[in-house]
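1. model the structure of this input:
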Amino acid sequence: MLRNVAVRVPQDAWDNASCCDGWTAREVAGHATWVINTVTAGATNQAKPGPQAEADIAGADPAMTVCNAVDGCLAALDADGALNNEYESLFGMMRVDDFLGSIFPDPLAHTWDIADATGIHHGIDTAMANQAIATLTPASDSLRAPGMLGDIVETTSSDAVEQMIAFTGRTSVNS
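-> The predicted structure follows:
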């Protein structure tokens, strides 16, 4: 979904403000790319990427950067045994497959962030949003820290995507 959103962002919209405090759509794309590159590193038994400014990661063509990262990650994950590799993930030592199961809500939420910031549809389906909520709920308290999830935003919506976005502490920049 991230790739599908990135390719539809108008080039002049990448510097629009996002709901992520202090980040533009370009910076959100850079962060999401960094997370994806972290997965790729684990799948290929390489060191995870070091810190770098999100806008620098995204570069002049964030759509191409995101597409290259997603394509590279999918190719790496397709290699025999890649999902069973153990590596130092963002949450400590774990198998790549386990890391994927715990981190997928991050690029999913950032897909919404980019779509929201740039005025395009996110394309997130109900099942994926419900799975993200189910994955995040057990760790909710520990995820409510600076640089992670914000406080839950109250919503009366029955829409699963809107509930997921509220759960992650996001509010549309278009509200």
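2. which residues are in contact with Glu27?
-> Ser18, Cys20, Glu54, Ala55, Ala58 (CB atoms under 8 Å, 6 or more residues apart in numbering). For glycine as for every other residue, the C-beta is placed from the backbone atoms N, C-alpha and C.
3. any idea which helix or strand carries Pro107?
-> helix 105-118 (DSSP states H and E).
4. residues touching that helix, excluding its own?
-> 1-2, 5-6, 9-10, 13-14, 16-20, 23-25, 28-29, 31-32, 35-36, 121-124, 128-129, 132, 135-136, 161, 164-165, 168, 170, 172-174.
5. C-terminal to the helix or strand of the chain with the lowest mean pLDDT, what's the next element?
-> Within the chain, no helix or strand scores below helix 140-143, which has a mean of 86 by mean pLDDT, DSSP states H and E. Counting by DSSP H and E, the element after helix 140-143 in chain order, helix or strand, is helix 160-167.
6. what's the nearest residue to Thr33 if we skip its chain neighbours?
-> Spatial nearest neighbour of Thr33, chain neighbours left out: Ala69 (4.5 Å); criterion: CB to CB, 6 or more residues apart in numbering.
7. in the one helix or strand that neighbour maps to, what's buried?
-> Element membership of Ala69 [criterion: DSSP H and E] is helix 62-77. Neighbour counts using 16 or more other CB atoms under 10 Å place Pro62, Ala63, Thr65, Val66, Cys67, Asn68, Ala69, Val70, Gly72, Cys73, Ala76, Leu77 of helix 62-77 among the buried residues.
8. can you give me the end-to-end distance of stretch 109-125?
-> 12 Å (CA to CA, to the nearest Å).
9. distance from the chain centre to it, please.
-> 11 Å (CA atoms, centre = their mean, to the nearest Å).
10. likewise for stretch 74-86?
-> The answer for stretch 74-86 is 20 Å, by CA atoms, centre = their mean.
11. quick revisit: out of the contacts of Glu27, list just those in helices.
-> Glu54, Ala55, Ala58 (DSSP state H).
12. and the gap between the residue nearest to the first one when sequence neighbours are not counted and Val5?
-> With CB to CB, 6+ apart as the measure, Gly30 is the residue that lies nearest to Glu54, at 3.4 Å, once sequence neighbours are left out. Remark: distance between Gly30 and Val5 (CB to CB, to the nearest Å) = 14 Å.
13. list the contacts for the residue found closest to Leu143 once you drop the neighbours it is linked to in the chain?
-> Nearest non-adjacent residue to Leu143, counting by CB to CB, 6+ apart: Leu149, 4.5 Å away. Going by CB under 8 Å, 6+ apart, Leu149 touches Leu136, Ser140, Leu143, Phe167, Thr168, Gly169.
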